[in-house]
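Undergrad: structure for the following, please:
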Amino acid sequence: MALQDRNYFFLVCDINRLKLSFLWHSSILAPFRGKLTGEIEVRGQSGPLGLDFAFYSCLFAVPLQFAICYLLFAVFRVRKVRMFKKFRYWLEFVGLAIVVRVVPLFPLPFLRWLAWIVSWPVFYLDRRSKRVALANLEAAFGDRYTLKERERIARKSMQLLGQSFLELFWSPRINEKNFSSYLRWHDEESFQQHLRMRGERGFIGMTIHFGNFEWGNLLFAFRGLGGHVLMQRFKNDRLTGLFQRLRESSGQKLVTQEKSMLRFFKLLKQGCNVGMLTDLTLKMSEPGVLISTFGLWMWTTVMHGLLQSRTGSPILLFVTTPARKGYDVRLLEPIEFSPSATPEEIAQTCWDRFEPVIRERPELWLWAYKHWRYRPPLDGGRYPFYANPSELFDAEFNKRFGSKTGQATG
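TA: Next up is the predicted model:
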């Protein structure tokens, strides 16, 4: 039970105990009070152990009052909350299902225009996301950009996110015959080079929330490099199936996070391709790794590092950037890892390839996300306002750097 709910419950108890106390000692419950407590009408007589019968009255009355209060709380508070949440989840599903049906009926240029028009006021009305985005930009770049420039970058980032969602809903109209009108490799020769390096092995595709990362996966599938892509479940699980069908329209297979490590390991051993995002902050209770991003420490996934070190599969890094017509999928420079490379080194090396791309075009990254949730024990002043200290994070930080923590914050 949440703290707010507990406080509400005890408030209900205090109020209702006053009511029940009055009812308990009134003439209405007189016939039943004697049966429940053994209280007799003759005053001054004692019950077992020589205690006054008033004691037994209180002994049974208080738990009974508490039980009635809890029952009232369960009926009128918890059930209402659960019913409201179920109703809200149902409305979300129905509304989004309608949007998914309607969006493909419109031309793509109109949807892009609509996304940019609607996202403009949303950026200023959604003050929480705006504040997070501006704090992230200041933490990452310091005084490189003025406040107006940070607002412009954050606004474009949110507009592009809205556009990406509408384009995802429109993606069932893309097929093997027309995909080249919307998606292409930034450098075809680089793509062929990656194919030669891969050979017959499966690869680990890695990207970040940059540009239209949703459409980047489509090109791999339409060029015969489809595989299994990691997807996080929604709190409203009905939406999980809806987004899964959208993302599988190109032939990709979606895998949710349950036992995903073992499943990906088996798939790579079979020569299949797998893909995932690498710029999400994990909870400290989840297995992860510390990496330095823009000079700030982030607790993020280590799955790609573990998979590469155990299978030897190549890691393919890519980003999806807007082009004049559609998007270009840009493959980053191939990485050759030594057999002795640790998962932590692999994860850091991958990020080090992505960071210059973000610095080059910062408006394409997802700045409204809380990337740096934990503040390290030293030099935490640079971190955004939402970053909090964590004993588990401090333990991982100290375990990795030991006495060198003073040098690890740069």
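
Undergrad: Arg128: neighbour count?
TA: 9 (other CB atoms under 10 Å). Where you see a C-beta, it was placed from the backbone N, CA and C, and this is true even at glycine.

Undergrad: after the one helix or strand it maps to comes which helix or strand?
TA: If you go by DSSP states H and E, Arg128 is part of helix 127-141. Later in the chain than helix 127-141, the nearest helix or strand by DSSP H and E is helix 147-170.

Undergrad: who are the packing partners of that following helix?
TA: On a contact count with 3 or more CB pairs under 8 Å, 6 or more residues apart in numbering; DSSP states H and E, helix 147-170 meets helix 108-125, helix 127-141, helix 213-222, helix 237-247.

Undergrad: nearest to Leu296, of those helices?
TA: helix 127-141 (6.1 Å; CB to CB).

Undergrad: list the buried residues of the closest one.
TA: Going by neighbour count (16 or more other CB atoms under 10 Å), the buried part of helix 127-141 is Ser129, Lys130, Val132, Ala133, Leu134, Ala135, Asn136, Leu137, Glu138, Ala139, Ala140.

Undergrad: same check on stretch 295-307?
TA: Within stretch 295-307, the residues scored as buried using 16+ other CB under 10 Å are Leu296, Trp297, Met298, Trp299, Thr300, Thr301, Val302, Met303, His304, Gly305, Leu306, Leu307.

Undergrad: A helix includes Thr320, no?
TA: No. Assigned with DSSP: H, G, I helix; E, B strand; the rest coil, Thr320 falls outside any helix and is strand.

Undergrad: per-residue confidence for it?
TA: At Thr320, the model reports a pLDDT of 95.

Undergrad: hang on, the earlier thing: in TSV: the helices and strands packed on helix 147-170, plus mean pLDDT.
TA: Listed next are the helices and strands packed on helix 147-170 as TSV, based on pLDDT from 0 to 100:
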stretch	mean pLDDT
helix 108-125	92
helix 127-141	96
helix 213-222	89
helix 237-247	89
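
Undergrad: any regions of the stretch 1-150 of the chain where pLDDT drops low?
TA: 1-82 (pLDDT under 70).

Undergrad: helix, strand or coil for Gly202?
TA: coil.

Undergrad: got the domain boundaries for this structure?
TA: According to automatic domain parsing, the chain comprises the domains 3-38+48-97, 105-164, 183-407.

Undergrad: for those, give me JSON lines that also has distance to Ile174.
TA: Below are these laid out as JSON lines (distance: least, CB to CB, whole Å):
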{"stretch": "domain 3-38+48-97", "distance to Ile174": "20"}
{"stretch": "domain 105-164", "distance to Ile174": "10"}
{"stretch": "domain 183-407", "distance to Ile174": "6"}
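
Undergrad: of those, which is nearest Pro172?
TA: domain 183-407 (4.7 Å).

Undergrad: mind checking how far the closest one is from the chain centre?
TA: When distances are taken as CA atoms, centre = their mean, to the nearest Å, domain 183-407 is centred 14 Å away from the chain's centroid.

Undergrad: any idea how far Leu160 is from Ala139?
TA: In this view, Ala139 and Leu160 are 21 Å apart by CB to CB, to the nearest Å.

Undergrad: ok, now Val274?
TA: Distance from Val274 to Leu160, by CB to CB: 26 Å.

Undergrad: and those two? which has more neighbours close in?
TA: Neighbours per residue (other CB under 10 Å) separate Val274 from Leu160, with Val274 holding more: 26 against 23.
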